[in-house]
Structures are given as structure tokens and as C-alpha cells.
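>>> Could you look at this predicted model? Sequence included:
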Amino acid sequence: MSRFEAAIFDLDGVLVDSAKAHFAAWRRLADELGIRFTERDNEALKGVDRMGSLRMILDLGGRGFDETEMVALATRKNGYYLEAVAHMSPADQLPGAEDLVRSAKAAGLRCAVASASRNAPLLLDRAGLAPLFDYVADAGAVARGKPAPDIFLACSDALDAPPAACLAFEDAAAGIDAIIAAGMFAVGIGDPLVLGRARVVYRETAAVDLAALLSA
Ligand code: BG6
Ligand code: MG
């Protein structure tokens, strides 16, 4: 029998193909502000919440804005992002995502989503994944964003599973650090060079070997 009782999933870049839309929306804003922002810079923003991401971009350009302007910039970026995901559908699930969650449920694991995105409920709904989850953490309700463990701990609390009994999946370095800080088993999805602190890294969601993880 597996020691795991729950599976906790990041959303963007693990279940849904939305990481590109976040990048494109930030790049559009950065272009408008005259800040050079590359795909490489974007790697550090993955998993980071909206205001934290904005601060990182403004730092890259050495730009400062007051709080009201910052909120307006973050709202503008979110508008670009919502435009980009307006036609999102189950076709935008990452390959293997729905199968992975269904297999975790079939193995008796309770399942939750731990996304830094305030748009997570909307995306889960559009991607047709919402009914699969026992719990979706509210990114707006946790005190500290990733790499702090708060959002993963909110999931283990809600699922009534101790952290050591949680398997958690992430495509972002900040997310892997959050999982480790929560005392959970970290599974990276993406580049092993970026996600090297995870216990196991798979190149893509479709490559996850759940049976092997459950016996880890
Ligand atoms: C994370 C993404 O899941 O959510 C980040 O990896 C994004 O790129 C963050 O900035 C916040 O998303 P949102 O939808 O609340 O702006
Ligand atoms: Mg992600």
C-alpha cells in the first residue's frame, strides 16, 4: 500500500497549457513599458503571484511605480491574459493531465489544486477539469505565495492528509521550493536543470509514472 493519501497539482504548466499565455501577457506589458523581458527571465516568474511577478519585471527595467499604478499595471496584464485564454477549452489540457488526475483518484488519492493564479477556478472550469478535484485552494486567501509553503499546506489541511502523505506536482522552481518547505514529496514537470531540487523530474505531464511514484 502507498504511503500517499493525497495528490496536489499546480495548474499552469502542469495541467493546463496556460504558461505561454502568462508569458505573452507579461511580455506585452513589458514592451509597453520599454522593458526587455525574455523567455529566460520568465522562468523565474513561474509560480510567482501576480504582484510579485510585476515587481520582478519592473526590477528588470529598473522602474518604480507607486502602489496605485502597480495595481493598474497588474490589472492591465490580467486583461491581456484573460483575452488570451478567452477561448480555452478541454483541448488546452496538457497531454496526460486528465489521465493523471483520474489515475490518482482511482488509486484512492484525494486531489487538490495549489495554484498561485487567482484565475485558477476559471481555467479549471474551461479546461473541463473542475469536477475532478476535492479542493481548489484560493490563491487570494493565503498569506504568503510560493516559494512559501502556505498554499500546499492549505491543500493538505483541506484534504485532511498530513504533508508527508502528499505527492505534489509543479513546473516552477518556486513551486518545488514551496512543496519542499511544506514537507511533501516534490515531483517536477519540466527541465531537470531548473527543477533539480525535486525528488523526481519528468519532462512533461504525460511522462509521469504514477505507479512508480506511489511506491516511492
Ligand atoms: C502562476 C503562474 O500559476 O500564477 C504565474 O505560474 C502567474 O505565471 C501566477 O503570474 C498568478 O496568476 P494570476 O492568474 O493570478 O495572475
Ligand atoms: Mg505552474
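That came through fine. Ligands and ions are numbered 1, 2, ... in the order given.

>>> how close does the spatially closest residue to residue 73 that is not a sequence neighbour sit to ligand 2?
Leaving aside its chain neighbours, residue 73 sits nearest to residue 54 (5.9 Å; criterion: C-beta to C-beta, 6 or more residues apart in numbering). Glycine gets a C-beta too; all of them are placed from N, C-alpha and C. Per C-beta to the ion, to the nearest Å, residue 54 is found 17 Å from ligand 2.

>>> and residue 54, backbone torsions?
When read as degrees, to the nearest 10, the backbone of residue 54 gives phi -60, psi -40.

>>> OK, contacts around it?
By C-beta atoms under 8 Å, 6 or more residues apart in numbering, the contact set of residue 54 is 70, 73, 74, 77.

>>> so where do the strands sit in this structure?
6-9, 110-113, 135-136, 166-170, 185-189, 200-202 (DSSP state E).

>>> does any part of the first one sit near ligand 2?
No. Contact of strand 6-9 with ligand 2 (C-beta under 5 Å from the ion) is absent, the minimum separation being 9.4 Å.

>>> strands paired with that strand, and their directions?
Strand pairing for strand 6-9, determined by DSSP bridges: strand 110-113 (parallel), strand 166-170 (parallel).

>>> what does the shortest one give?
Strand 135-136 sits in its sheet next to strand 110-113 (parallel), going by DSSP bridges.

>>> anything in the strand it pairs with near ligand 2?
No. Between strand 110-113 and ligand 2, judged by C-beta under 5 Å from the ion, nothing touches; the nearest distance is 10.7 Å.

>>> What residues does the chain have near ligand 2?
Checking the chain against ligand 2 by C-beta under 5 Å from the ion, the hits are 10, 12, 13, 171, 172.

>>> re the thing from before, neighbour count and pLDDT added to the contacts of residue 54, as CSV?
Shown next, in CSV, are the contacts of residue 54 (neighbours: other C-beta atoms under 10 Å; pLDDT from 0 to 100):
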residue, neighbour count, pLDDT
70, 15, 96
73, 20, 98
74, 17, 98
77, 22, 98
